[in-house]
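In: compute the structure for the input listed below.
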Amino acid sequence: MTRHSLSVFIAAVLASAALAACSRPPADAASAAAPAAQPAAAETAKPAEPVPADPAQAPQFFAFSIGKLAAAAVKDGDIDVANDGKTFGVGRPPADVAALLSANGQPTDVVHLSIQPLLVRSGERVLLFDTGAGNASFARAGRLPAALTASGTTPDQVTDIFISHAHPDHIGGLLTPAGALAFANAAIHLSAPEWAALQADKDSAKLVAAIAPKVQAFAPNAELVPGTVKAVAIEGHTPGHSAYEISSGDERLLYIGDAAHSSIVSVQHPEWTIQFDRDAPKAEASRRALLKRAADGNVHVYAVHFPFPGLGRVKAEGDHFVWVPDA
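Out: Down below sits the predicted model:
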């Protein structure tokens, strides 16, 4: 997809979502995030070649590329959400969600979410999209530092952090357990509406004070790294929720944040209410519009909460959609 056509896609997503909501109550990829070389066998002095991680064998990170950009899915942890009608499919019988999960070969008592921030190298800049859940009590997380190390990156090398929104499973890794900045050399980018909402949250006062000197708030839909990173406003989840379009040459990857949480429930039934969404009708309209345009445009998607490594595409099937992970 060309850059022009994807820009048209983004504009269409926003227009469709707004209408629907109103109608219902080094530039090379040589190193960077690529995995470190494996130790050479004792009987030979020749260094081993770097071997890309296999998600089944090395679940902490998965190296891939976006055009000439080196990238990696870096695993922070997991969340299991009870299928009790309080979070997914709010207002529907849990049996409806259970039937959907069962039809997709999943346990019916929980909705499983992965947590995998995205790491990208762009020239001398090291970009991290979201920071995981840290030590949040609702998640089995906090593994991001180890995943970064496994991918060949140390926290002090990260130059830019792009926050999709200020929920704890996305900003939980900004500080160390001792309260210090986990990425001391990184600028922290988030939308101005999201930053304003975070500043107004009294429970986040310590976090706000710690990160304020590093924050660079941006206007929704701003271009943040010319030719490489552009924000894409996705309304409804939080006051300033943002996806990110990452570009290299003719290749694009859309990091969707929490536009969709579950690769099953959120994708196959985008109209089902999710408790996490602040403005549910608007979020549901945005979700359906995003999925439709992603399917129509065969957009390569990075989903932070879908099964690791979260890379794939959306396919339309009748009046709903399905997630097709990369082979």
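In: from here on, just use CA atoms for contacts and neighbour counts.
Out: OK.
In: helices of the stretch 1-150 of the chain, residue ranges please.
Out: For the stretch 1-150 of the chain, the helices defined by DSSP state H, counting those that start in this stretch occupy 3-22, 94-103, 144-150.
In: any idea which of these scores lowest on pLDDT?
Out: Here these differ in mean pLDDT, and the lowest is helix 3-22 at a mean of 41.
In: in the stretch 51-200 of the chain, which ranges drop under the pLDDT threshold?
Out: For the stretch 51-200 of the chain, applying pLDDT under 70 flags the ranges 51-59.
In: how about the strands in it?
Out: Secondary structure of the stretch 51-200 of the chain (DSSP state E, counting those that start in this stretch): strands at 61-66, 69-74, 77-82, 110-115, 118-122, 125-129, 160-162, 187-191.
In: given the fourth one, what are its sheet partners and their directions?
Out: Spelled out, it's strand 110-115. Strand 110-115 has the following sheet partners, assigned by DSSP bridges: strand 77-82 (antiparallel).
In: and for the last one?
Out: Each strand paired with strand 187-191, and its direction, by DSSP bridges: strand 160-162 (parallel), strand 215-218 (parallel).
In: so what's the gap between stretch 83-93 and the chain middle?
Out: Stretch 83-93 sits 23 Å away from the centroid of its parent chain (C-alpha atoms, centre = their mean, to the nearest Å).
In: pull up the distance across it, start to finish.
Out: One end of stretch 83-93 to the other measures 10 Å (C-alpha to C-alpha, to the nearest Å).
In: for the strands paired with strand 187-191, which one ends up most surrounded?
Out: Mean neighbour count (mean count of other C-alpha atoms under 10 Å) peaks for strand 160-162 among these, with a mean of 23.
In: circling back to that earlier point, let's have the strands of the stretch 51-200 of the chain in TSV, adding distance to residue 229.
Out: Formatted as TSV, the strands of the stretch 51-200 of the chain follow (distance: least, C-alpha to C-alpha, whole Å):
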stretch	distance to residue 229
strand 61-66	12
strand 69-74	12
strand 77-82	25
strand 110-115	21
strand 118-122	10
strand 125-129	10
strand 160-162	9
strand 187-191	11
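In: nearest to residue 140 among the ones you listed would be which one?
Out: Evaluated over the strands of the stretch 51-200 of the chain, closeness to residue 140 peaks at strand 77-82, with 5.3 Å, by C-alpha to C-alpha.
In: tell me which of the strands of the stretch 51-200 of the chain sits most buried.
Out: strand 69-74 (a mean of 28).
In: partner strands of it, with direction?
Out: Strand pairing for strand 69-74, determined by DSSP bridges: strand 61-66 (antiparallel), strand 118-122 (antiparallel).
In: redo these as CSV? Include distance to residue 283.
Out: What follows is these, written out as CSV (distance: least, C-alpha to C-alpha, whole Å):
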stretch, distance to residue 283
strand 61-66, 28
strand 118-122, 23
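In: wait, which of those is closest to residue 213?
Out: Across these, closest to residue 213 is strand 118-122 (C-alpha to C-alpha), at 22.5 Å.
In: okay, angle between the closest one and strand 125-129 too, please.
Out: Put simply, strand 118-122 runs at 160 degrees to strand 125-129, going by axes from the mean of the first three to the mean of the last three C-alpha atoms, to 10 degrees.
In: centre of the chain versus strand 118-122, how much separation?
Out: 13 Å.
In: again, but for stretch 221-234
Out: With C-alpha atoms, centre = their mean as the basis, stretch 221-234 stands 15 Å off its chain's centre.
In: that stretch spans what distance, first to last residue?
Out: Stretch 221-234 has an end-to-end distance of 9 Å (C-alpha to C-alpha).
In: buried sites along that stretch?
Out: Across stretch 221-234, burial judged by 16 or more other C-alpha atoms under 10 Å covers 221, 223, 228-234.
In: for stretch 128-145, same thing?
Out: 128-135, 139-145.
In: go on, stretch 247-256?
Out: Applying 16+ other C-alpha under 10 Å to stretch 247-256 flags 247-248, 251-256 as buried.
In: any chance of the buried residues of stretch 221-234 in TSV, plus pLDDT, secondary structure and distance to residue 77?
Out: TSV is the format used below for the buried residues of stretch 221-234 (pLDDT from 0 to 100; DSSP: H, G, I helix; E, B strand; the rest coil; distance: C-alpha to C-alpha, whole Å):
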residue	pLDDT	secondary structure	distance to residue 77
221	97	coil	29
223	98	strand	30
228	97	coil	27
229	98	strand	25
230	98	strand	26
231	98	strand	25
232	97	strand	25
233	96	strand	26
234	96	coil	24
